[in-house]
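*Asks:* Can you look at this prediction? I've put the sequence above it.
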Amino acid sequence: MTHPELQSRVRSCTDCYLDPGERVVETIGSIPGHLVHFLSDSSHGRIGICHILPRGGSAVLVLPDLYVFKVVNSDSIENPSCHLERIDLSGLEFAYCASSFSDFLYRFWIENEIRFVLTDKSKPRSFTTLELEYVEHYAANKPRDLQVAWQF
């Protein structure tokens with residue numbers, strides 16, 4: 001995930017980047033599984049987490065706290081519970097972004113590429129067939145759905 005070639009293929013117009021985090025956190029309670037970090041913004045204000053479910057399914061969540069990073073000085077963080085090895089998601093503030101890691105990553109990638117076509121005047125190019133089909137699908141069927149990945 002940190003390889004420069006992969007980083008360059010999953011570009012972000014909002015300064016996000018692929019980032020594997022530093023640890024896996026177990027989730028307990030009514031939503032069991034494991035949290036695996038995969039995407040950060042430049043300020044670590046919001047982070048993308050893949051919640052891997054016990055039977056192999058996954059969902060992408062956005063969490064406001066840095067649960068998947070090692071904490072050097074827990075006195076300096078706002079939420080001291082975010083350095084725990086196991087957490088209960090019930091009652092925590094998080095946003096649900098996609099029903100699977102692959103769905104989220106595809107949408108994140110293609111929506112950023114579309115945005116680059118529209119805004120990057122230094123390297124002008126036309127839309128690819130795949131990008132046009134994506135835009136046409138959402139323009140005709142679900143205009144509000146284009147905003148989901150951009151919430152990150």
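*Replies:* Received the coordinates, thanks.

*Asks:* Next, work out how far apart His137 and Pro124 are.
*Replies:* 24 Å (CB to CB, to the nearest Å). (Each C-beta comes from the backbone N, C-alpha and C, glycine too.)

*Asks:* between these two, who's got more neighbours?
*Replies:* His137 (12 against 7; other CB atoms under 10 Å).

*Asks:* show me where pLDDT drops low in this structure?
*Replies:* Low-confidence segments of the chain (pLDDT under 70): 44-46, 64-84, 142-152.

*Asks:* residue nearest the centroid of it?
*Replies:* Compute the mean C-alpha point of the chain, and by CA atoms, centre = their mean the closest residue is Gly48, 3.2 Å away.

*Asks:* show me the residues around it that make contact.
*Replies:* Applying CB atoms under 8 Å, 6 or more residues apart in numbering to Gly48 gives the contacts Cys16, His37, Phe38, Leu39, Ser40, Val60, Leu61, Val62, Cys97, Phe104, Phe152.
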